[in-house]
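Chemist: sequence and predicted structure below; questions after.
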Amino acid sequence: MGNHSDGSPNHSGTVATAGQNEVEKFQDPGIPPHRLRLADTDPKAAKRAERQVAVLFGASVVGTLIFLVAYFAIDLGDGTSIATIRLQNALLGLGTAFAMLGIGTGIVHWAKALMPDHEVSEERHPIRTEEDRLAAVRIVDDIVEETGIKRRPLIRNTLLGAVALAPLPAIAVFGDLGPRPDRALAHTMWAPQEGKLKRLTRDPDGTPIKASDVTIGSAFHVIPEGLNELPEGKLNEKAKAVVLLMRLDPASLNPSEGREDWSYNGIVAYSKICTHVGCPVALYEQQTHHLLCPCHQSTFDLTNECKVIFGPASRPLPQLPIAVDAEGYLVATSDFNEPVGPSYWERDEHERSIKS
Amino acid sequence: MSAASRAEAPAFVAKTKVGRITDFVDERVGGSGILREFGRKVFPDHWSFMFGEVALYSFVILLLSGTFLTFFFDPSMAETHYDGSYLPLKNVEMSVAYSTSLDISFDVRGGLFMRQVHHWAALLFVASIAVHMLRVFFTGAFRKPREMNWVVGSVLLILAMAAGFTGYSLPDDLLSGNGLRIIDGVMKAIPVVGTYISFFFFGGEFPGTAVIGRLYMLHILLVPALILLMIVLHLFMVVVHKHTQYPGPGRNDGNVVGYPLGPVYAAKAGGFFFIVFGVIALMAGFFTINPIWNYGPYDPSPVSAGTQPDWYIGFVDGALRLMPGVIGDFQFEYVVFGYTLTLNVLLPALVPAGILFTVMFMYPWIESWITKDTREHHVLDRPRNAPTRTAIGVAGFVWYCVMWAAAGSDLIATHFRVSLNDVTYWLRALFFIGPVIAFMVAKRVALALQRKDREIALHGRETGRIVRLPHGEFIEVHAPLDEYKRYKLVGFESPAPLPAVANDHGIVTRKEKQRAFLSKWFFEDRVAPATPAELEAAHGHPAHPAVEAGQESKSLSH
């Protein structure tokens, strides 16, 4: 049986190696005898290998030329067709590949066929010697002793305190990377401005949508009126305000209490930003009335106020309350009554303050 | 010669031109000591040692192609109208970053090629690091004295993923923009500080106008600098430790057997750089990667079906997909003291990756604690000769692959015409049972291979020659191995479980009991290497030379 650890520090064989006493083990026969290659014995083979290496290097030269010709002979300009770019790209790739593979395979072939292939054995030296380690420990001890840090705890403790606090400014100085979140995530552009309700308009051209244009079974990608005219921060607003508009048979909708008047004639509007991690819920399955997020496959049931029926999302998509204005256009009667998009730490707080 | 200069005429006079140059350098920087140390340094050779080289060379190619791209790329998120030669996007409103990415693709000669080289090299970089790490794991190369280098390598894997992701997002196209959107969602799920992290990262609300510039700095300065630093550390430690070698005749922990650096090894390794470059160029020339012009500029509203991240982010994305948000009426989003805790995002984003990386970093110490093996190891294990370690590795690999496959659940469903929901249910089940099955199967396979090794060592290899004996029995003649081949099959150690040992006070601690339990689990199923006595017994008539020749032995039949 092997040598179980007996706790002594310098016991090298701490791993039990059953059935492997020295006597019973096969002896290492040593490095196998070297076998000569064809090129070592036959001068003709060596000459052939030499020529092959030269041909490979020659192929590399050809590759370089292909690259240069492709680069200079094919000019890109206005109206270059995709096919031309594709051709140039392929030729540049081919040229580089030949140039590189020629050199690479040539060198490797040279090394394998013609350079000496005797395996050699080299001793491994210990990473450190006992003597060095003892000297190093002594030096460290001396250094620590000379600083006197052990004898002067006042110095040590104040230094520790100072060093612990010193990085704080380095963290604080990043404070202006962004503004404080405040309540930015709680609102979208849909909130009525100066009493004027926002119209639902088509994404991306911004033309308003008449209720009569929305036939049963159709779906619209919607942005709020005025989004395209924003001087700045357009994408930020769009990332919160995009909405999907669909019309179903009014009988198939099951609005909960207080949300009966959020739809118009079977037309419903839901936030397009997934409540999971914020991808646009862009796929509408008309037959089943399901909305599907293509990123992580969260599935929402339109007939049930966009309740989650599959996938990683945990909350229903927020509904945008809509109505029709005097001219027959669809308008949002208010902002969403909860924050849209992925959840965040302060979300519940924001939702409560919106509802109150 | 002036009195001030105490230099004397050197005694050594170089005869050749190369000698004179070497001498010139040596007299000024003392290079000959380095050359003497490294010029003939021995490196073991094996095809599996080349994955690390692929990673290193991919990184060099990334630096070269990336530098080219920076000359033409402008990481600005300012709005512009496209005016390049790609007609379908003419006059479309987009960011300067996206517009200059298009210009690189369509208006800079060779720009598309460089972009494709850069992207393919990046994919290969992470892939080769991953495969290299699998090689190191399964052969036990992480054992003492190389534990720290394993940690450095793990850090390199994370940095490579960071470099990949920050670069992936730079073109500001629709696909990568949705990737950032997902990152934003994950950040916001972090308790207490998540909203702040998101606002600080994006410079305000998502997507803002700052993030591409910030990612650009990380991508071209901070992350590559850290990678470079880690590579230097990594290679430095390789030199200090010398390379590991596979077990075999003449190889032991006290030596290193292989080819000298100059000329053979250097030529092979140097030539291999050009081969890696050539293969990447071939892929860049003929296989389109990341055709950003098809995706369009980032816009929070549209998204294309079948969206996929780059492969190395896939396992996190897959984990996000696998987590159910609701089970029945049970929601994974809680309100705790008036604050929102969104576990359906937080758990899958952090826990699997956290477990994988923690175990990866800790593994060398976990194993050496269980086995109490504190010796230096320079000879690798063949994976079959460490069945439990191999099984752990395969289990982890399968777990990773289940998550990775989940990132393509929609594509699996459409390609194989099966229900998307069913694919997800199956993968959810595999997430839990896959690693367990993998562990058991891998361990059994390793043990079976060990038994096969024993069989071959003791009874020789099958020759395919069928012989009919005088009494009518047919046997297949087995040819004995030569001693070199046999040593390869028997020259390993098969440790037995190590029972709990009392400490200095004569007490067997609870921790020691746990260790003993794990040691039993680790080493219980074992196949001991064949011994000379067994070989003798197997041959039956050791005196008979005919047996060795495989002529008439019954004991050889099987």
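Modeler: Perfect, I can see it now. Residues are numbered from 1 along each chain as shown, chains lettered A, B, ... in the order given.
Chemist: retrieve the pLDDT associated with the closest residue to A:Ala46 other than its chain neighbours.
Modeler: Once flanking residues are discounted, A:Ala46 sits nearest to A:Ala39: 4.2 Å by CB to CB, 6 or more residues apart in numbering or on different chains. For the C-beta atoms, the positions are set from N, CA and C on the backbone; glycine is no exception. Among the per-residue scores, A:Ala39 shows a pLDDT of 87.
Chemist: quick one, what contacts the residue in the stretch 151-300 of chain B that chain A sits nearest to?
Modeler: Using CB to the nearest CB, the single residue of the stretch 151-300 of chain B nearest to chain A is B:Gly285, 1.3 Å away. By CB atoms under 8 Å, 6 or more residues apart in numbering or on different chains, B:Gly285 lies in contact with A:89-94, A:96-97, B:113, B:116.
Chemist: how about a cut-off of 6 Å?
Modeler: Going by CB atoms under 6 Å, 6 or more residues apart in numbering or on different chains, B:Gly285 touches A:90, A:93-94.
Chemist: what about the residue nearest to A:Ala46, which helix or strand?
Modeler: helix A:38-41 (DSSP states H and E).
Chemist: just give me how far stretch B:511-524 sits from the chain centre.
Modeler: Relative to its parent chain, stretch B:511-524 has a centroid offset of 29 Å by CA atoms, centre = their mean, to the nearest Å.
Chemist: could I get the contacting residues of B:Pro263?
Modeler: Contacts of B:Pro263 by CB under 6 Å, 6+ apart are A:Met115.
Chemist: what do you get for B:Tyr298?
Modeler: B:172, B:174, B:177.
Chemist: return the set of buried residues in the following helix or strand past the helix holding A:Ala39.
Modeler: The element immediately downstream of helix A:38-41 (helix or strand, assigned by DSSP H and E) is helix A:43-73. Neighbour counts using 16 or more other CB atoms under 10 Å in any protein chain shown place A:46, A:49, A:52-53, A:56, A:59-60, A:63-64, A:66-67, A:70-71 of helix A:43-73 among the buried residues.
Chemist: how deep is B:Asp422 tucked in, by neighbour count?
Modeler: Using other CB atoms under 10 Å in any protein chain shown, B:Asp422 has 11 neighbouring residues.
Chemist: nope, B:Lys485 is what I was after
Modeler: 17.
Chemist: sec struct for it, please.
Modeler: Recorded secondary structure, B:Lys485: helix (DSSP: H, G, I helix; E, B strand; the rest coil).
Chemist: for it, give its distance to B:Thr139.
Modeler: Relative to B:Thr139, B:Lys485 is positioned 20 Å away (CB to CB, to the nearest Å).
Chemist: ok, now B:Thr463?
Modeler: As judged by CB to CB, B:Thr463 and B:Thr139 stand 31 Å apart.
Chemist: look at the two and report which has more neighbours.
Modeler: Between B:Thr463 and B:Thr139, B:Thr139 has the larger neighbour count (other CB under 10 Å), namely 24 against 13.
Chemist: so who does that one touch?
Modeler: B:380-381.
Chemist: pLDDT score for it?
Modeler: Looking at B:Thr139, the pLDDT reads 97.
Chemist: hey, which strand is longest across chain B?
Modeler: strand B:461-468 (DSSP state E).
Chemist: what sits against the closest residue to chain B within chain A?
Modeler: Using CB to the nearest CB, the single residue of chain A nearest to chain B is A:Gly93, 1.3 Å away. Taking CB under 6 Å, 6+ apart as the criterion, A:Gly93 is in contact with B:281, B:284-285.
Chemist: shouldn't it be within a strand?
Modeler: No - assessed by three-state DSSP, A:Gly93 does not belong to a strand; its assignment is helix.
Chemist: chain neighbours aside, what residue packs nearest to it?
Modeler: B:Gly285 (1.3 Å).
Chemist: follow-up on the earlier one: roughly how far apart are the residue of the stretch 151-300 of chain B closest to chain A and A:Ala90?
Modeler: Taken as CB to CB, the span from B:Gly285 to A:Ala90 is 5 Å.
Chemist: residue numbers of the stretch 351-500 of chain B in contact with chain A?
Modeler: Residues of the stretch 351-500 of chain B lying close to chain A by CB under 6 Å from any CB of the partner chain are B:371-373, B:375, B:421, B:483-484, B:487, B:490, B:493, B:495-496, B:498.
Chemist: farthest-separated two in those?
Modeler: For those, the maximum inter-member distance is 59.9 Å, found between B:Asn421 and B:Glu483 (CB to CB).
Chemist: list the contacts for B:Gly254?
Modeler: By CB under 6 Å, 6+ apart, B:Gly254 lies in contact with A:Arg124.
Chemist: mind jotting down where the strands sit in chain B?
Modeler: Under DSSP E, chain B gives strands at B:42-43, B:79-81, B:93-95, B:255-260, B:326-327, B:330-331, B:333-336, B:339-342, B:461-468, B:474-479.
Chemist: any chance you could list what contacts the longest one?
Modeler: By that I understand strand B:461-468. B:474-477, B:479.
Chemist: kindly indicate which of the residues you listed lies nearest chain A.
Modeler: B:Ala479 (17.3 Å).
Chemist: could you verify my assumption that that closest one touches B:Gly460?
Modeler: Yes - if you go by CB atoms under 6 Å, B:Ala479 and B:Gly460 touch, sitting 5.0 Å apart.
Chemist: in terms of neighbours, single out the busier of these two.
Modeler: Each of B:Ala479 and B:Gly460 has its neighbours counted (other CB under 10 Å); B:Gly460 has more, 22 against 16.
Chemist: wait, the more buried one touches B:His478, no?
Modeler: Yes - B:Gly460 lies in contact with B:His478 (CB under 6 Å); the separation is 3.8 Å.
Chemist: then A:Ile309 would be within a helix, right?
Modeler: No - A:Ile309: not assigned to a helix; according to three-state DSSP it is strand.
Chemist: give the contact list for it.
Modeler: A:299, A:301.
Chemist: cool, B:Gly248 as well?
Modeler: B:Lys488.
Chemist: please report how far it lies from B:Val257.
Modeler: 8 Å.
Chemist: any idea how far B:Trp404 is from B:Leu322?
Modeler: 11 Å.
Chemist: so for those two, which sits in the more crowded spot?
Modeler: B:Leu322 (24 against 18).
Chemist: quick check, pLDDT for the closest residue to the more buried one other than its chain neighbours.
Modeler: Among residues not flanking B:Leu322 along the chain, B:Ala406 sits closest, at 4.9 Å (CB to CB, 6+ apart). B:Ala406 carries a pLDDT value of 95.
Chemist: verify the stated contact: B:Ala406 with B:Ala319.
Modeler: No - between B:Ala406 and B:Ala319 there is no contact under CB under 6 Å: 7.0 Å.
Chemist: name the residue in those two with the higher neighbour count.
Modeler: Neighbours were counted for B:Ala406 and for B:Ala319 using other CB under 10 Å; B:Ala406 has more, 28 against 24.
Chemist: residues in contact with the more buried one?
Modeler: B:318, B:321-322, B:427.
Chemist: roughly how far apart are B:Pro309 and chain A?
Modeler: According to CB to the nearest CB, to the nearest Å, B:Pro309 stands 10 Å off from chain A.
Chemist: for that residue, which non-adjacent residue is spatially closest?
Modeler: B:Asp317 (5.2 Å).
Chemist: and the one you found, what pLDDT?
Modeler: 95.
Chemist: cool, and A:Ser5?
Modeler: A:Ser5 is given a pLDDT of 37.
Chemist: next, count neighbours for B:Gly140.
Modeler: 22.
Chemist: my guess is it meets B:Asp381, correct?
Modeler: Yes - using CB under 6 Å, B:Gly140 is in contact with B:Asp381, at 4.1 Å.
Chemist: mind checking if stretch B:275-282 is in reach of chain A?
Modeler: Yes - counting by CB under 6 Å from any CB, chain A is contacted by stretch B:275-282 at B:275, B:277-278, B:281-282.
Chemist: most neighbours, which of those?
Modeler: Neighbour max across those (other CB under 10 Å) = B:Ala281, 28 neighbours.
Chemist: does the closest residue to that one other than its chain neighbours sit in a helix, a strand or a coil?
Modeler: In space, B:Ala281 comes closest to A:Thr96 once its chain neighbours are excluded; the distance is 3.6 Å by CB to CB, 6+ apart. Under three-state DSSP, the three-state class of A:Thr96 is helix.
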